[in-house]
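In: Quick one, structure for this:
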Amino acid sequence: MSPLDDRSPDLVFRHARTFNKFRPEPVSDATLRELYELLKWGPTSMNAQPARFVFLRSEPAKQRLKPALSPGNVDKTLAAPVVAIVATDTRFYEFLPEQFPAFSGGRAMFESDAALAESTAARSGTLQGAYLIVAARMLGLDCGPMSGFDAAKLNAEFFPDGRWKANFLVNLGYGDASGNHPRGPRLPFEVATQLL
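Out: Numbers count the residues shown, from 1 in each chain. Okay, here's the model as predicted:
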């Protein structure tokens, strides 16, 4: 028996979809704060929490993003109430003494191994981006995640010091189903899994 009510799996997974169009309804600061306060509890390697989130809400902020967007993503992204840049902090390990005190050598381990730091940031930061999508759906928001953008242009515009690096984007708001394509099928259990 699931501890969730019967509607929760539908809300978060079965009936949730990627939205390409949103109603012109703003997303409040309080909702964005609640979103972060929920998603931050998702697990990451060594509690590293390398993801960083930049919420673009104003027209000037979105115009700064526009040159980095793939042509097919421009209109829907500029029209979304919020665009979240899911980024990773390349020096996430500076917070490890407080975030993961159980291992006092965590910071030094990552400082001395750039490849390990990069792979950990990419993996756990992507997980945190997925937590953002799940948390948003739980709060009644709809999402349009995408990777169609020029990361070098985006990073130069928003993160010129190089510490944060863009991973992917998520348009957020209250979805308008008129912009949806038919939902694609998912792989069956027999194809996507192995029981050993």
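
In: Sketch out the low-pLDDT regions of the protein for me.
Out: 1-4 (pLDDT under 70).

In: quick one, strands of it?
Out: 51-56, 82-89, 142-146, 164-173 (DSSP state E).

In: to the chain's geometric centre, what's the distance from the second one?
Out: Centroid separation between strand 82-89 and its chain, computed with Cα atoms, centre = their mean, to the nearest Å, is 6 Å.

In: Now tabulate the strands of the chain in CSV and tack on distance to Gln194 and mean neighbour count.
Out: The way it works is simple: take the backbone N, C-alpha and C, and place the C-beta from them, glycine included. Below are the strands of the chain laid out as CSV (distance: least, Cβ to Cβ, whole Å; neighbours: other Cβ atoms under 10 Å):
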stretch, distance to Gln194, mean neighbour count
strand 51-56, 30, 20
strand 82-89, 30, 23
strand 142-146, 27, 21
strand 164-173, 28, 23
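
In: Switch those strands over to JSON lines; also include distance to Gln63.
Out: Listed next are the strands of the chain as JSON lines, based on distance: least, Cβ to Cβ, whole Å:
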{"stretch": "strand 51-56", "distance to Gln63": "10"}
{"stretch": "strand 82-89", "distance to Gln63": "11"}
{"stretch": "strand 142-146", "distance to Gln63": "18"}
{"stretch": "strand 164-173", "distance to Gln63": "15"}
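
In: His15 is nearest to which of those strands?
Out: Across those, His15 has its closest neighbour in strand 142-146 (11.1 Å, Cβ to Cβ).

In: which helices and strands sit right next to the closest one?
Out: For strand 142-146, the packing partners by 3 or more Cβ pairs under 8 Å, 6 or more residues apart in numbering; DSSP states H and E come out as helix 114-138, strand 164-173.
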